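Undergrad: Build the 3D model from these lines:
(one chain, ligands or ions: 1)
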Amino acid sequence: MNNDKLKDTKKLLEEDLKIASNEKELNDLKVKYLGKKGLITELNSSIKNIPNEEKKSYGLAVNGLRTLFNNIYEEKLEIFKKEELNKKISNETIDITLPSKKIKKGSLHPMTLITEEFEDLFVSMGYTVYEGPEIETDENCFQKLNVPKGHPARDAQDTFYLKDEFENFLLRTQTSTAQVHAMEENTTKGPLRIVCPGKVYRRDEDATHSHQFMQIEGLVIDEDVSMADLKGTLEMFCKKILGEKTEIRFRPSYFPFTEPSVEVDVSCFKCQGKGCNLCKQTGWIEVLGAGMVHPNVLKMCGYDPKKYQGFAFGTGIDRFAMFKYGIPDIRTIYGNDIRFIEQFNRKDDTYEVK
Ligand code: PHE
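TA: Prediction:
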């Protein structure tokens, strides 16, 4: 009878293990056979009812069953674990043939675009790009540009001065200060041909003025430079940036660091000089300040004014950008609104009059 029980359990155990199809079922069988009330455990405890002379062989047979169970169990467990791992690996595979996430292409800020356009143009005419500091001394911003302390021309520029121990410093109000650096740094004191783009600061704020804006300064120094060279250069510059039909005119003006000085107007590109709201019915728009470098400036920056002359000009880059791209409010240029900035991502954008 005991033998029958052993045989039945062996048969059942083999069938059960054969059917088990995953790790959980396998573990359930472990409980069914080897758990506290498991079939093999029970067979084992019933050894006490076995006659003594059969105990040994009975015990061996029960142990044999346990070993059989464990062997099949381990074998199948290993297979299930492998299958599980393979499934995981195949699920985690990265399909490199999938198209990647689209990254939106950025665009250059309109100020960067137009500054680069200015630079390219002047570099093509043999100029080099020079950048001066934005924090300046009173000496470089005013005195060496022929504006001594107490000079009334200082009042025309609402300057940001620094405080306390830095009170001799200020934020530059014009890129003309870069002229001083460029001339002083040029140790040969020979010819110079530079453009200096950069930020400048004034205490101004409305639709056409910002406390921070950008200028570009041009400076040419050589032994035989005249107003005619200045006019030719600026005519070329305005035509290239605003269109070939653009005309320019000089009006006498005053800047302390140039003599003679001029304001430069361009013919209105919106109405072609006929008169409209942009040019306030005059047909002309003021865009530049310019003149022949004052001999005092040359002297203070180490040049011999008897040997060298030069011309200089300066203009607001923002102003040109507003004209060129039809931007009505300067504050949008610095508002950092992506919808605004994105509109200028082509270098050859041309101004369209609406
Ligand atoms: N710096 C002057 C301004 O900001 C412009 C200028 C530059 C005038 C060079 C003459 C020569 O208005």
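Undergrad: Now do the phi/psi pair for the closest residue to the ligand within the stretch 101-250 of the chain.
TA: Residue of the stretch 101-250 of the chain nearest the ligand, by C-beta to the nearest ligand atom: residue 174 (3.7 Å). (Each C-beta comes from the backbone N, C-alpha and C, glycine too.) Torsion angles at residue 174 (phi, psi; degrees, to the nearest 10) stand at phi -160, psi 150.
Undergrad: can you check residue 162 too?
TA: Backbone geometry at residue 162, expressed as degrees, to the nearest 10, gives phi -90, psi 170.
Undergrad: where does it land on pLDDT?
TA: Turning to residue 162, the model gives it a pLDDT of 89.
Undergrad: Report how many residues lie close to it.
TA: Per other C-beta atoms under 10 Å, the neighbour tally for residue 162 reads 13.
Undergrad: Near the residue nearest to it when sequence neighbours are not counted, how many other residues are there?
TA: Computed as C-beta to C-beta, 6 or more residues apart in numbering, the closest residue to residue 162 that is not its neighbour in sequence is residue 169, at 4.4 Å. Applying other C-beta under 10 Å, we find 17 residues neighbouring residue 169.
Undergrad: so residue 169 sits right up against residue 136, yeah?
TA: Yes: counting by C-beta atoms under 8 Å, residue 169 touches residue 136, with 6.8 Å between them.
Undergrad: ok so, going back, can you pull the contacts of the residue nearest to residue 162?
TA: Counting by C-beta atoms under 8 Å, 6 or more residues apart in numbering, residue 169 makes contact with 135-138, 161-162.
Undergrad: Check the gap between it and residue 133 for me.
TA: Per C-beta to C-beta, to the nearest Å, residue 169 is found 10 Å from residue 133.
Undergrad: Spell out which residues of the stretch 201-350 of the chain are next to the ligand.
TA: Residues of the stretch 201-350 of the chain found near the ligand (C-beta under 6 Å from any ligand atom) are 217, 255, 258, 261, 289-291, 312-314.
Undergrad: what's the farthest-apart pair in these?
TA: Farthest pair in these (C-beta to C-beta) is 217 and 261. Separation: 14.3 Å.
Undergrad: who's more crowded, these two?
TA: Comparing residue 217 with residue 261 by neighbour count (other C-beta under 10 Å), the higher total belongs to residue 217, at 24 against 19.
Undergrad: What's the separation between that one and residue 96?
TA: If you measure residue 217 against residue 96 using C-beta to C-beta, the figure is 53 Å.
Undergrad: And residue 210, by the same measure?
TA: Distance from residue 210 to residue 96, by C-beta to C-beta: 49 Å.
Undergrad: Settle it for me: which of the two has more neighbours?
TA: The neighbour comparison of residue 210 against residue 96 (other C-beta under 10 Å) goes to residue 210, with 19 against 6.
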